[in-house]
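Participant: here is the input, now give the coordinates:
(chains A, B, C and D)
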Number of protein chains: 4
Amino acid sequence: MSSDNIRIGLIGAGRIGIVHAGSINDTKGTELTWVCDPFVENAQKLGDQYGAKVSADPMEVINSGEIDAILIASPTPTHVDLLSAGIDAGLHVMCEKPIDLDINRVEALRDKVNNAKVNVTLGFNRRFHPQFETINRRVKAGEIGNIEQLVITSRDPGPAPQSYIAVSGGIFRDMTIHDFDMARYFIPRIVEVSAVGANAFCDYIAEENDFDSVTVTMKGANNEIVTIINSRRANYGYDQRLEAFGSEGMFIASNVSPTTVQHFNGNYAEQRDPYIDNFLELYAVAYRRELALFVEGVRTGQQLTPTFDDGRAALILADAAHESARTGKSVKVSV
Amino acid sequence: MSSDNIRIGLIGAGRIGIVHAGSINDTKGTELTWVCDPFVENAQKLGDQYGAKVSADPMEVINSGEIDAILIASPTPTHVDLLSAGIDAGLHVMCEKPIDLDINRVEALRDKVNNAKVNVTLGFNRRFHPQFETINRRVKAGEIGNIEQLVITSRDPGPAPQSYIAVSGGIFRDMTIHDFDMARYFIPRIVEVSAVGANAFCDYIAEENDFDSVTVTMKGANNEIVTIINSRRANYGYDQRLEAFGSEGMFIASNVSPTTVQHFNGNYAEQRDPYIDNFLELYAVAYRRELALFVEGVRTGQQLTPTFDDGRAALILADAAHESARTGKSVKVSV
Amino acid sequence: MSSDNIRIGLIGAGRIGIVHAGSINDTKGTELTWVCDPFVENAQKLGDQYGAKVSADPMEVINSGEIDAILIASPTPTHVDLLSAGIDAGLHVMCEKPIDLDINRVEALRDKVNNAKVNVTLGFNRRFHPQFETINRRVKAGEIGNIEQLVITSRDPGPAPQSYIAVSGGIFRDMTIHDFDMARYFIPRIVEVSAVGANAFCDYIAEENDFDSVTVTMKGANNEIVTIINSRRANYGYDQRLEAFGSEGMFIASNVSPTTVQHFNGNYAEQRDPYIDNFLELYAVAYRRELALFVEGVRTGQQLTPTFDDGRAALILADAAHESARTGKSVKVSV
Amino acid sequence: MSSDNIRIGLIGAGRIGIVHAGSINDTKGTELTWVCDPFVENAQKLGDQYGAKVSADPMEVINSGEIDAILIASPTPTHVDLLSAGIDAGLHVMCEKPIDLDINRVEALRDKVNNAKVNVTLGFNRRFHPQFETINRRVKAGEIGNIEQLVITSRDPGPAPQSYIAVSGGIFRDMTIHDFDMARYFIPRIVEVSAVGANAFCDYIAEENDFDSVTVTMKGANNEIVTIINSRRANYGYDQRLEAFGSEGMFIASNVSPTTVQHFNGNYAEQRDPYIDNFLELYAVAYRRELALFVEGVRTGQQLTPTFDDGRAALILADAAHESARTGKSVKVSV
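Facilitator: This next block holds a predicted model:
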């Protein structure tokens, strides 16, 4: 491979790390140089597959002098320290969402990131799904006039296990976080957050003082209203829709069926198969496009979105929703 | 009611006569004055419902001097004589399709009809269904450039009984006749007809030397190709679709679901109920609009389509298809 | 007509009164006996059309001894008094929504209505639209298990004039009132209401201290979450959708296109015409069905929904939303 | 790479060869060992990209002793000789469609292929598109009972240049050939072929005595009717649909939009972007799956479809259609 390649150290060889390793391999002008995971056998597998060096110690990778960038795909509690270390080492950083579950730790890192010469990007992959990217581009081109209402529906196929819920930070910080970022992709300035949560079906989520179903309503600085509808479970597959409504029209992105096939008989018409229920399959294209844009940002020196501050904003909105759902009062925010 | 009303004598109080009686009642400026049926109790029911006189003898109605128009909804073999008598009596005539199953009887009546001062219209109700009428208007407005291909799919919910099939004149004259007229609604000049028939599922239709499934291909005078696909049975309801393909685009009319409701679960997504399987319900609007336009033609003196010659052309195409399906050779026509 | 007909006195011959007069005429077993309107020429037109007596004074109609029921389609402020007078006269009453804009006046009438021997029904016509009725029936049959989330989208084609807005009682009592009733059609027991309002596009609505765009979130007694999204303007036609999400699946009712026609060309695919933008056309079937069920209730003596208490509940929810949107706090309710 | 890999020699480094090289690279257990093209610089590019040897001479590749299989992606007139040479060398062969434009050359090779110990597969890629594969599987599982009618719509975005048309063998052998194979994927035994051709829009196709628009009708051995509708040009993108209609229901595969995005405004509703107009993009998944199944056949020794005889059958049907469109007579076939 050419020496002009962006050399990447991948921190984390779990489920999402595997996806990123594949994207790096598929993306021209990149090179997977190091793979790091405390479960070193996981790292080894990816290293063997893609011809990368392997380590159990992220600092060995960061300080190797052999990479241009790190991709942080390790557990959330490690993100802030790795981000900081990567910046200190002069590396560009792409970090999985969320930055952290604690806004104070995020704030403490903020100045360093914003003064850094390197490129720091957050992994809000949904921005890069072609259907949401298309609507965003067309809304910004004015095709629906002023945006007035944004409705985001996100339902997962099924809830994570209790052990995960227990440390997830709650549905707003763990699941709605994607929708908060999606909201700001369209309406960056949010001024007020209301949220309602319910325990509709999952006892162990209730035991963790968390909700399985929520609706969040937010007001934008220009009188926009954002509505987010979440459930931890949808038996017909991944439910990920968006509706952007404006003064001159509307865009809707609906769900993706595995094929276009429809079935008709004496009992029904136009029946389709359930939607894709695997987010890695659903968002495969988005993960690759996200990486390609990160690489472009590194090459051109131009800061691309979503930024660290976008990650911070999403967490601020999640915290506000968390509070509102418990107090029954709307929460003013400034992001 | 006002004396300016178009006074109509309805000949035939069967299934389709009942529909027309309702349309007359719903249409402003019309008056159902006489109802005639040899089963006079059927006529009586409609007469009672709508305040019309009743007769078992069509000539009593035609010669009553109390009507402006007749609507012929009696069995096909009676159409030619009633048409002729109506014209002789100076009445406007709307006649159900087909004119007759025998082209010679149609030809014998042709000059009289074309020289008549009255308005004679054929009851090809599908032309008046809003979806087909909309496509026709937009095609004529040039929205898809030159029309090049027309594809008509017509499948009935289920076959008529053997007794009906036996006297139906065969699928081309009985069922495809609607599609031949629909084809000419878009492409009036047809020059060649090919047809393929099959006995796919219904033994008693085969016993009558008729087909249960056919495809007809026709060429238009301007190199258009028309494809008609028929089946006597579709278990998901009435299947009535049309595709007009042109140099600059395409229109498609698809089937009508009873509601917009879609159902989703672990086994499927976007499931709808079967289509409407009752043609009277499906075409209720078309029947009313057909009558309204007939009345408009009577009022304005302007000849409206479909004309007697449109009915003749449909029969010529049906005869050609009948021949082609039996000889395996295309048949030249001039309509 | 037969003396077994339900004889109806129609109070109000304005836009909605005209619709009801047509429905009465189309519905077997009913008879439009009196029409009343202070603008007596409006009453006269309907009276002439349908052969009914005419009055400018509702009490003349109510006390005529010639009717079995009144249909109140007069302005909202008259509803309570007419309801009361109708009950006093032993008449069945179908009353347009809302009962009143003032909950105190509603409460004051409540005992009388609930102790009355006659049938009192509220005109929440949307319950009777086939798509919502179908979903409701299928949800109650258990086809999606337990209902957990209900999402109602209602956007009007355009805002009413300022003069109307000024006396409308605000968007929640005037427009969302339909959605509050629709919510209770699925989830009768609501315990908490939150609302967010915005002035996104219409200055004169802001001048009246009202909102043009709102989102309402409600919790049901069984941990259901209801989300209602409203706008006073949608340029693509009437936008009336509903999504019922449950433990075992989902139903969606989408908008009704004027035809099934789709257009394709070099710039786009599957384009349809804008949705129907006239609620009388969109809900014509619902208005007829609503009347038919009222008549059935009168005949059978069985109380049908929506009841007076349903109308009261919708107003309580509207008042709660009104308060919540102004205080930023959720409001507990008991309906 | 492991020595257990299937080592493939790719003959032809043009547009379709590039696709196959990518598929080989993406498919586990395969190795692109040689690339051959008379324009050796084209071969060199692929060789450099994937680490393969390069030659201008296919016999050097076939006789190298370093490969297990050849993939023939060279111009049609070379297919027969390369197939023969590959078999002689004991290599498995995957050959692009069609085998040849001359049925006599195909017949002359037939015995050799059918007696060969190696696996010979034809590259009818559409069989491997997920939507067609899904319908085929479900039809074979009996989900629509007996198949009675098959309707295939295939329209290309635009016609090939005149130079290509001149040597293409005509629309039936060049374009419809895919649809003939698709037809036999569902209904293997065809007994009769009728075809109608037209020159609707392209003068230079007419100059080559070829058609730009055709409809083909075929009868199956069990009274099935197949209808194929083709045009060389569709301005809304690639139009590739299939309808399988049976005694107990129907399957439809419709076109693939680039995204699920729909646009609504005052002029229209539900508008989508034009369909994908690049067949390599549309069928990328199909090409990969086709190769994976070929490799599986090579590994397991099991003959997979489509076979050489499938390729021969498609050509026989194309020849029959060619004749029928010129004589106006249906042609009996036995495939």
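Participant: helix or strand with the lowest mean pLDDT in chain A?
Facilitator: When the helices and strands of chain A are scored by mean pLDDT, DSSP states H and E, helix A:279-282 comes last with a mean of 86.
Participant: please enumerate the helices of chain A.
Facilitator: Per DSSP state H, chain A carries helices over the ranges A:15-26, A:40-50, A:58-62, A:79-88, A:103-115, A:130-140, A:162-166, A:171-174, A:176-186, A:203-207, A:279-282, A:284-300, A:308-327.
Participant: dump the ones you listed to TSV, plus mean neighbour count and distance to chain D.
Facilitator: C-beta here means a position set from N, CA and C on the backbone, and glycine is covered the same way. Below are the helices of chain A laid out as TSV (neighbours: other C-beta atoms under 10 Å in any protein chain shown; distance: least, C-beta to the nearest C-beta, whole Å):
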stretch	mean neighbour count	distance to chain D
helix A:15-26	20	9
helix A:40-50	17	11
helix A:58-62	21	27
helix A:79-88	20	31
helix A:103-115	14	33
helix A:130-140	18	4
helix A:162-166	14	30
helix A:171-174	26	25
helix A:176-186	24	14
helix A:203-207	15	30
helix A:279-282	16	12
helix A:284-300	19	10
helix A:308-327	22	23
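Participant: to B:Ala198, which of those helices lies closest?
Facilitator: Among these, helix A:279-282 comes nearest to B:Ala198, with 41.7 Å by C-beta to C-beta.
Participant: is the closest one positioned near chain B?
Facilitator: No. Shown here: helix A:279-282 not in contact with chain B (C-beta under 8 Å from any C-beta of the partner chain), separated by at least 13.9 Å.
Participant: which residues touch that helix?
Facilitator: Contact with helix A:279-282 is made by A:15, A:19, A:129, A:238, A:240, A:256, A:276, A:287, as judged by C-beta atoms under 8 Å, 6 or more residues apart in numbering or on different chains.
Participant: ok, now which ones touch the spatially most central residue of chain A?
Facilitator: Nearest to the geometric centre of chain A sits A:Phe124, at 2.7 Å (C-alpha atoms, centre = their mean). By C-beta under 8 Å, 6+ apart, A:Phe124 lies in contact with A:97, A:178, A:181-182, A:185, A:306, A:310-311, A:314.
Participant: go with 10 Å
Facilitator: By C-beta atoms under 10 Å, 6 or more residues apart in numbering or on different chains, the residues touching A:Phe124 are A:96-98, A:177-178, A:180-182, A:184-185, A:286, A:290, A:305-306, A:310-311, A:314.
Participant: starting at the chain centroid, how far to the least confident helix or strand of chain A?
Facilitator: 13 Å (C-alpha atoms, centre = their mean, to the nearest Å).
Participant: go on, stretch A:181-188?
Facilitator: Offset of stretch A:181-188 from its chain centre (C-alpha atoms, centre = their mean): 12 Å.
Participant: now do stretch A:180-189
Facilitator: Relative to the centre of its chain, stretch A:180-189 is centred 12 Å away, using C-alpha atoms, centre = their mean.
Participant: A:Arg288 contacts A:His129, correct?
Facilitator: No. Using C-beta atoms under 10 Å, A:Arg288 and A:His129 do not qualify as a contacting pair, with a distance of 11.0 Å.
Participant: can you pull out the low-pLDDT segments for chain A?
Facilitator: Applying pLDDT under 70 to chain A flags the ranges A:1-3.
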